[in-house]
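# Build me a structure from this.
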Amino acid sequence: MAHHVLYLPHLLFQGTPQNPAVPTPNVPSPTARRLPFELPRMNMTTAIPQGTRCRPLHRSLGFCTGDYATTDPNVAGQALEPHNTLQRLTRCPDLNSRLRAYANPNPADPEGVNPTTPWQQQMYSRVYPNQPWAPGMKGLTTGGIGETHPFPSAEEQYQAIVRLSGWYIEHLSDPVDEPENVESEPAIQDQVKQQLHDPLSLIMRSRYPNFYGAGNQQQQQQQQQQQLLGAAGYQGGGPTYFPRFGRPTNSTHTVGVITGHASGIPDSLLFPNQINGAQELCGEVKTFWVYRPDNAYGAAVFRDGVALSGTGEFNWHGNAIAIKLVKQVWCELVNYGLTWAYSTNGKTVMIFAKLSRNMLVAGDPIPWDSPELLQTLAGLCFASVDQAEREWLPEYLCEGHAVTW
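Modelled structure (predicted):
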């Protein structure tokens, strides 16, 4: 039987061995392989937190970038053809909750696959037309029984959650409320990788098999690696795991090759497989002392100075910080042919979806330290991967988006 449970880090340590909070993959070897895991004594607390929260970020008092360091998106924006500019911005207050439901329809259900609300039931009907829900047999993502690809093997799932548990132990090694000091945008990018991308990558490993492929594809990748690194640099090994996050802006600055203006290159991309151009999700990171929650995110985006309420007409030529942020996200979506994006300043996270040539949908802001953030972003990753098989998915997740602020 396939497991559709969402392995969130904090759930791996809940409950008792007799009554684990989440099912253990059916690993055919050592019986000791079961959940929940035990925390090392140095990490023992009176209770495991009820959610996996990011540690707060504080601005360093030492060397730090200035208060006015912004990225100018106008160069990348001017490179767009007029018919590709953003014309309409809308809001979807339900987007975040729908992404959480897509990752795990009913968290109260041990397997998390029993859709309970009308919207979840509609989603299930859309995913599986004319197929009544069968307990424990189907989830909402594209993996599992009768789907596009199987779930990872029990052994692969187990190895993924073992690594996820190790990440969580390290995450708890300092008190959750103890801040991390950051002094620049790259420093916040590092925190995004450590606190979000690393666990999300392992969660995806527990849900998706390696999309790189095997056989001839594996040989092709090894040959490509050997050509790039030379015989002395190539050490062999298996194929890279996909889906995986990459950091395009970081790499372009490192090697000194920029194919376009930096404002058109995202800070991160989720690569679902090894095929160039297959990605659907990017991330943009800012500093919270320039792109503040009150001038760049949430209410700062949903206001008439950025886009008109009632029509959603976007102020493409405006100069407000929120306009710069939205415009940069839009340029990245267009330049890379993407549908989904998120942006964070280390205090707030917002999710965006490009639904048509000239329209962008924005979800409501999520606090950086929200216990719901990781599951929301897991749903975003799942949706961006599954979109290859379900082209209707973005429109459905953004259903009801409107231009009322």
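
# Please enumerate the strands of the stretch 251-400 of the chain.
268-271, 281-285, 340-344, 348-356, 359-363, 366-367 (DSSP state E, counting those that start in this stretch).

# So for E81, which of the ones you listed sits nearest?
strand 348-356 (15.1 Å; C-beta to C-beta). The C-beta positions use only the backbone N, C-alpha and C, and glycine is treated the same way.

# After the worst-scoring helix or strand of the chain on mean pLDDT, which helix or strand is next?
Least confident helix or strand, the chain: helix 216-233 with a mean of 45, by mean pLDDT, DSSP states H and E. Scanning forward in sequence from helix 216-233 by DSSP states H and E, the next helix or strand is strand 244-246.

# Now do the buried residues in that next one.
Across strand 244-246, burial judged by 16 or more other C-beta atoms under 10 Å covers 244-245.

# any idea of the mean pLDDT for that strand?
Strand 244-246 shows a mean pLDDT of 89 in the predicted model.

# Show me what that strand is packed up against.
Applying 3 or more C-beta pairs under 8 Å, 6 or more residues apart in numbering; DSSP states H and E, one finds that strand 244-246 contacts helix 198-205, strand 268-271.

# Chain neighbours aside, what residue packs nearest to L308?
Nearest residue to L308, sequence neighbours excluded (C-beta to C-beta, 6 or more residues apart in numbering): V403, at 7.6 Å.

# Surely the one you found touches D304?
No: taking C-beta atoms under 8 Å as the definition, V403 is not a contact partner of D304, at 10.7 Å.

# Give me the distance between C381 and Q375.
Computed as C-beta to C-beta, to the nearest Å, the C381 to Q375 distance reads 11 Å.

# Looking at the two now, which is surrounded by more residues?
Taking other C-beta atoms under 10 Å, C381 and Q375 do not tie; C381 has more neighbours (27 against 23).

# Setting aside sequence neighbours, what's the nearest residue to L393?
Once flanking residues are discounted, L393 sits nearest to Q387: 5.1 Å by C-beta to C-beta, 6+ apart.

# Phi, psi for the one you found please.
Q387 adopts backbone torsions of phi -60, psi -30, taken as degrees, to the nearest 10.

# And P40, how far from L8?
20 Å.

# what's the answer for L99, then?
14 Å.

# so where do the helices sit in the stretch 301-405 of the chain?
Secondary structure of the stretch 301-405 of the chain by DSSP state H, counting those that start in this stretch: the helices cover 321-336, 373-386, 393-397.

# Rebuild those helices as JSON lines, extending it with distance to I265 and mean pLDDT.
Converted to JSON lines, these look like this (distance: least, C-beta to C-beta, whole Å; pLDDT from 0 to 100):
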{"stretch": "helix 321-336", "distance to I265": "7", "mean pLDDT": "94"}
{"stretch": "helix 373-386", "distance to I265": "18", "mean pLDDT": "94"}
{"stretch": "helix 393-397", "distance to I265": "22", "mean pLDDT": "91"}
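
# since we're on the closest residue to G363 other than its chain neighbours, how many residues are nearby?
What sits nearest to G363 in space, not counting adjacent residues and going by C-beta to C-beta, 6+ apart, is L95, at 3.6 Å. L95 has 26 neighbours, counted by other C-beta under 10 Å.

# On the three-state scheme, N181 is what?
strand (DSSP: H, G, I helix; E, B strand; the rest coil).

# what pairs with it across the strands?
On the basis of DSSP bridges, N181 is bridged to H58.

# That one against S60, yeah?
Yes: contact status for N181 versus S60: in contact at 4.5 Å, counting by C-beta under 8 Å.

# Adding distance to D67, mean neighbour count and mean pLDDT, write the strands of the stretch 251-400 of the chain out as JSON lines.
As requested, the strands of the stretch 251-400 of the chain are exported to JSON lines (distance: least, C-beta to C-beta, whole Å; neighbours: other C-beta atoms under 10 Å; pLDDT from 0 to 100):
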{"stretch": "strand 268-271", "distance to D67": "25", "mean neighbour count": "22", "mean pLDDT": "92"}
{"stretch": "strand 281-285", "distance to D67": "17", "mean neighbour count": "25", "mean pLDDT": "96"}
{"stretch": "strand 340-344", "distance to D67": "19", "mean neighbour count": "26", "mean pLDDT": "98"}
{"stretch": "strand 348-356", "distance to D67": "18", "mean neighbour count": "23", "mean pLDDT": "97"}
{"stretch": "strand 359-363", "distance to D67": "25", "mean neighbour count": "23", "mean pLDDT": "98"}
{"stretch": "strand 366-367", "distance to D67": "22", "mean neighbour count": "18", "mean pLDDT": "97"}
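
# Nearest approach to R126 belongs to which of these?
The minimum distance between R126 and these falls on strand 348-356, with 16.6 Å, by C-beta to C-beta.

# tilt between that closest one and helix 373-386?
Orientation of strand 348-356 against helix 373-386 (axes from the mean of the first three to the mean of the last three C-alpha atoms, to 10 degrees) gives an angle of 20 degrees.

# Could you report the neighbour count for the closest residue to E332 other than its chain neighbours?
With C-beta to C-beta, 6+ apart as the criterion, E332 has its nearest non-adjacent residue at 4.4 Å, and that residue is P266. When neighbours are defined as other C-beta under 10 Å, P266 has 26 of them.

# From V301, how far off is P266?
18 Å.

# quick one: low-confidence parts of this protein?
Counting by pLDDT under 70, the ranges of the chain that qualify are 1-4, 15-34, 41-47, 69-79, 106-115, 132-139, 142-150, 212-239, 249-263, 275-277.

# how's it carved up into domains?
9-27+46-208+243-397, 212-241 (automatic domain parsing).

# who has more neighbours, P40 and L8?
L8 (24 against 9).

# so what's the more buried one up against?
Residues in contact with L8 (C-beta atoms under 8 Å, 6 or more residues apart in numbering) are 51-52, 203, 374-375, 378.

# Could I get the CA-only coordinates of stretch 331-345 as CSV?
What follows is stretch 331-345, C-alpha atoms only, in CSV (Å, rounded to 0.1, in the frame of the first residue of the first chain):
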residue,chain,number,x,y,z
CYS,A,331,10.3,39.6,-15.2
GLU,A,332,11.7,36.4,-13.8
LEU,A,333,8.5,34.5,-14.5
VAL,A,334,8.4,35.7,-18.1
ASN,A,335,12.2,35.3,-18.8
TYR,A,336,12.2,31.7,-17.6
GLY,A,337,8.7,30.7,-18.7
LEU,A,338,7.6,30.0,-15.2
THR,A,339,4.2,29.9,-13.5
TRP,A,340,5.0,30.0,-9.8
ALA,A,341,7.2,32.2,-7.6
TYR,A,342,7.7,33.1,-4.0
SER,A,343,9.5,36.0,-2.4
THR,A,344,10.8,36.5,1.1
ASN,A,345,12.7,39.1,3.0
